[in-house]
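*Asks:* from the sequence below, what's the structure:
(chains A and B)
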Amino acid sequence: MLEIRNLHASVDGHEILRGLDLTVRPGEVHSIMGPNGSGKSTLAQVLAGRESYQVTEGRVLFDGRDLLEMPPEQRACEGVFLAFQYPIEIPGVGTQYFLKTALNAVRKYRGLPPLDALEFLRVLKEKMELVEMEDRLLVRAVNEGFSGGEKKRNEILQMAVLEPRLAILDETDSGLDIDALRIVANGVNRLRHPDRAIIVITHYQRLLEYIVPDYVHVLMDGRIVRSGTRELALQLEARGYAGIEVPGEPATLAGAGR
Amino acid sequence: MSDAAATIQQYTGQPYKYGFVTDIEQDTVPPGLNEDVIRLISAKKEEPSWLLEWRLKAYRHWLTMSEPRWSNVQYPPIDYQAISYYAAPKRRPKSLDEVDPKLLETYRRLGIPLHEQAALAGVAVDAVFDSVSVATTFQARLAEAGIIFCSFSEAARKHPELVRRYLGSVVPYSDNFFATLNSAVFTDGSFVYVPPGVRCPMELSTYFRINAASTGQFERTLIIADEGAYVSYLEGCTAPQRDENQLHAAVVELVAHDGAEIKYSTIQNWYPGDEEGRGGIYNFVTKRGKCVGRRSKISWTQVETGSAITWKYPSCILLGDESVGEFYSVALTTKRQQADTGTKMIHIGRNTRSTIVSKGISAGQGQNTYRGLVRINRSASNARNFTQCDSLLIGERCGAHTFPSIEVMNPSARMEHEASTSKIGEDQIFYCNQRGISKEDAISMIVNGFCKQVFRELPMEFAVEAQKLLEVSLEGSVG
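*Replies:* This is a model prediction of the structure:
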């Protein structure tokens, strides 16, 4: 479904991704871990099509098509969803209205008729139970005045409504207390589906206790340096990133802090 | 410049849709201003002599005044002798059927059909072309209800007692530089009188069109709602695209008697000038309503998207006990437009209430100023005011300014003031994109969300128009 080959990307002239490879198949959950500054969020932003990141080399295929050629809204309509690390506030635009506009934009792209207010409300109610979202948030402006946990829940609600084929969760666990973490993770787990792939970007192993991945990758210095199963995450927790051996380089140089 | 910024720029740079000129034989007075010109205007309109005297009194007073400079706008000096003060199509129709086809075509292109059978259901229109009213629809039907809806010139001839009683009663001839100039040279405009207890059965509207070059438009509108009457009135304005600036100095007076309500809405879309600030209308307007009676209500709603410079403060004098004043405004400045707009709420009666909701949007190199005064006089016990004043910035080179004044002379007053400034950032647009929403749709969604509190005050037929107009005008730059 997603094939990333030798991806290089820069921001403001600094190269962050330096030859990243990754293959994700439908139904799989991949976790990408790595120290601060290793390029985790850059990967998420590049896949979503953020303009301030320049791809200098390599390619990304989504269902065999060149993802990098598509503008961000087309990627979204094709089924790529990014749950933001820092969800954006949009004053004056109601959450419910925003969700309806987004869903109908995606439906239009897919050649489906728009949902009217009543049909949409039915879809929404069903999805809201998934993330235990309160009704009162729907009438408020998008993310405005939401707590950290409410913002993250809103991201997962949007994912549930838009039903993406590939969801990328960028540090969805950051800033969440244990109850909120459990709710968000439950929501994600219920969205696991044989046709849907999920990439979970996280700093800590903690989230992976709730969302159990099929594969774990360690990102360092803009490349994936180790891949394995859930055991790798536990190993990281015990020994830290400094304990990871990077082929061809002494372990100490590739340590945390880059 | 990033892609999103470029899109906003392109989106805000759309051409002005109403910039065409109608080629029609015009009767135009040569440029210049003196007493003879005023006598000529008065004679052309076959006015009673007291009205000419009133004009001359205003003109003599105007000569002693100087142009105000306190507003937050900049423009080169205006040469008042270079303006022509009267321009009118030569053929004067006696009825709707005789209106010059070219004029009908002009209004049709503007989306205002003047044939009654084609007209918007439930909306009566007075069409003002340069200095004269060319047509007024549905007059007969309104007359059945006792409602007078006609051009100002017609009112001065047919209903002199009403005009004489109310003209200048809200905005006196000596009020301010531009209002005084208007009092001397005003040409046409609309007149409305709704008799006691009558609820006007349709929306009334005036459509102002400036066509001739080097002319000014100086119209005067007077609306009177007698005891227990109700009227909703809407004005729309457009002008051709020209390189020189044109002056529009109008006066609007509203009078609401006991229990009466006047709802006055404006969709102003005069030519705004180009990206470099060439051309465009100087819109220097005095609008004021007086709630004379108990429990009367005056509500102003304005959507200001056009003009190179806007200088206007639709205001309410709350004289009657328990009277209510409202002001809802969306002002958009893009390109090099400047707007200095707001309101005055003067509380004199007891238990008077006022509401101010102002939404300023700045894009391109636009400068948007809110200027407001809320005054609670000593006599105004238990007065209440709520003010909300929000600014939205799009791009890096525009500006938003607010100058709110609050003067309270009675300790029982309750005042609330809320203000906010926000910006459409690339983050917000990217967030919308990531949910499948295009850049254009993201911007209009955010702008419409910002304005909806004001749009819902507009008569329904026009709320949709206003939304579309904003989308088109918002072809403004970020940079």
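
*Asks:* I figured A:L137 hits A:T95, correct?
*Replies:* Yes. Here A:L137 reaches A:T95: they are 6.1 Å apart, a contact under Cβ atoms under 8 Å. Placement of C-beta: from N, CA and C, glycine included.

*Asks:* check which strands are paired with the host helix or strand of B:Y264 and give the direction for each one.
*Replies:* Using DSSP states H and E, B:Y264 sits within strand B:261-268. According to DSSP bridges, strand B:261-268 forms sheet pairs with strand B:230-238 (parallel), strand B:297-304 (parallel).

*Asks:* measure B:H417 to chain A for me?
*Replies:* As for B:H417, its distance to chain A is 18 Å (criterion: Cβ to the nearest Cβ, to the nearest Å).

*Asks:* which of the three states applies to the nearest residue to that residue once chain neighbours are set aside?
*Replies:* Spatially, and ignoring its direct neighbours in sequence, B:H417 is nearest to B:T387 (4.6 Å; Cβ to Cβ, 6 or more residues apart in numbering or on different chains). What DSSP: H, G, I helix; E, B strand; the rest coil gives for B:T387 is strand.

*Asks:* thinking again about what came up before, overlap in contacts of A:L137 and A:T95?
*Replies:* Shared contacts of A:L137 and A:T95 (Cβ atoms under 8 Å, 6 or more residues apart in numbering or on different chains): A:N154.

*Asks:* the helices in the chain, which residues?
*Replies:* All of this refers to chain A. Assigned by DSSP state H, chain A shows helices spanning A:40-48, A:72-78, A:95-109, A:117-130, A:148-162, A:178-190, A:230-239.

*Asks:* my question was about chain B
*Replies:* When assigned using DSSP H, the helices of chain B occupy the ranges B:3-12, B:35-44, B:49-62, B:101-109, B:139-144, B:152-158, B:160-166, B:177-185, B:426-434, B:439-455, B:460-473.

*Asks:* want to throw those into JSON lines with mean neighbour count and mean pLDDT?
*Replies:* Output for the helices of chain B, formatted as JSON lines (neighbours: other Cβ atoms under 10 Å in any protein chain shown; pLDDT from 0 to 100):
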{"stretch": "helix B:3-12", "mean neighbour count": "20", "mean pLDDT": "45"}
{"stretch": "helix B:35-44", "mean neighbour count": "16", "mean pLDDT": "91"}
{"stretch": "helix B:49-62", "mean neighbour count": "16", "mean pLDDT": "95"}
{"stretch": "helix B:101-109", "mean neighbour count": "16", "mean pLDDT": "68"}
{"stretch": "helix B:139-144", "mean neighbour count": "14", "mean pLDDT": "84"}
{"stretch": "helix B:152-158", "mean neighbour count": "19", "mean pLDDT": "91"}
{"stretch": "helix B:160-166", "mean neighbour count": "15", "mean pLDDT": "95"}
{"stretch": "helix B:177-185", "mean neighbour count": "25", "mean pLDDT": "94"}
{"stretch": "helix B:426-434", "mean neighbour count": "24", "mean pLDDT": "93"}
{"stretch": "helix B:439-455", "mean neighbour count": "21", "mean pLDDT": "85"}
{"stretch": "helix B:460-473", "mean neighbour count": "17", "mean pLDDT": "69"}
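
*Asks:* could I get these as JSON lines with distance to chain A?
*Replies:* Listed next are the helices of chain B as JSON lines, based on distance: least, Cβ to the nearest Cβ, whole Å:
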{"stretch": "helix B:3-12", "distance to chain A": "5"}
{"stretch": "helix B:35-44", "distance to chain A": "47"}
{"stretch": "helix B:49-62", "distance to chain A": "43"}
{"stretch": "helix B:101-109", "distance to chain A": "32"}
{"stretch": "helix B:139-144", "distance to chain A": "37"}
{"stretch": "helix B:152-158", "distance to chain A": "39"}
{"stretch": "helix B:160-166", "distance to chain A": "40"}
{"stretch": "helix B:177-185", "distance to chain A": "34"}
{"stretch": "helix B:426-434", "distance to chain A": "4"}
{"stretch": "helix B:439-455", "distance to chain A": "3"}
{"stretch": "helix B:460-473", "distance to chain A": "13"}
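
*Asks:* of all the ones you listed, which one is nearest A:R196?
*Replies:* helix B:426-434 (17.0 Å; Cβ to Cβ).

*Asks:* what residues does the closest one touch?
*Replies:* For helix B:426-434, contacts defined as Cβ under 8 Å, 6+ apart pick out A:48-51, A:71-73, A:75-76, A:81-82, A:84, A:87-90, A:98, A:102, B:2, B:4-5, B:439, B:441-443, B:445-446.

*Asks:* 7 Å instead, please
*Replies:* The contact list for helix B:426-434 (Cβ atoms under 7 Å, 6 or more residues apart in numbering or on different chains) reads A:48, A:50, A:72-73, A:76, A:82, A:84, A:88, A:90, B:2, B:4, B:439, B:442, B:446.

*Asks:* pull the contacting residues for the closest residue to chain A within the stretch 51-200 of chain B.
*Replies:* Per Cβ to the nearest Cβ, B:N72 is where the stretch 51-200 of chain B lies closest to chain A, at 24.9 Å. Contacts for B:N72 were tallied using Cβ under 7 Å, 6+ apart; they are B:D340, B:T369, B:H401.

*Asks:* the first one and chain A, how far apart?
*Replies:* Think B:D340. Taken as Cβ to the nearest Cβ, the span from B:D340 to chain A is 24 Å.

*Asks:* tally of neighbours for that residue?
*Replies:* 22 (other Cβ atoms under 10 Å in any protein chain shown).
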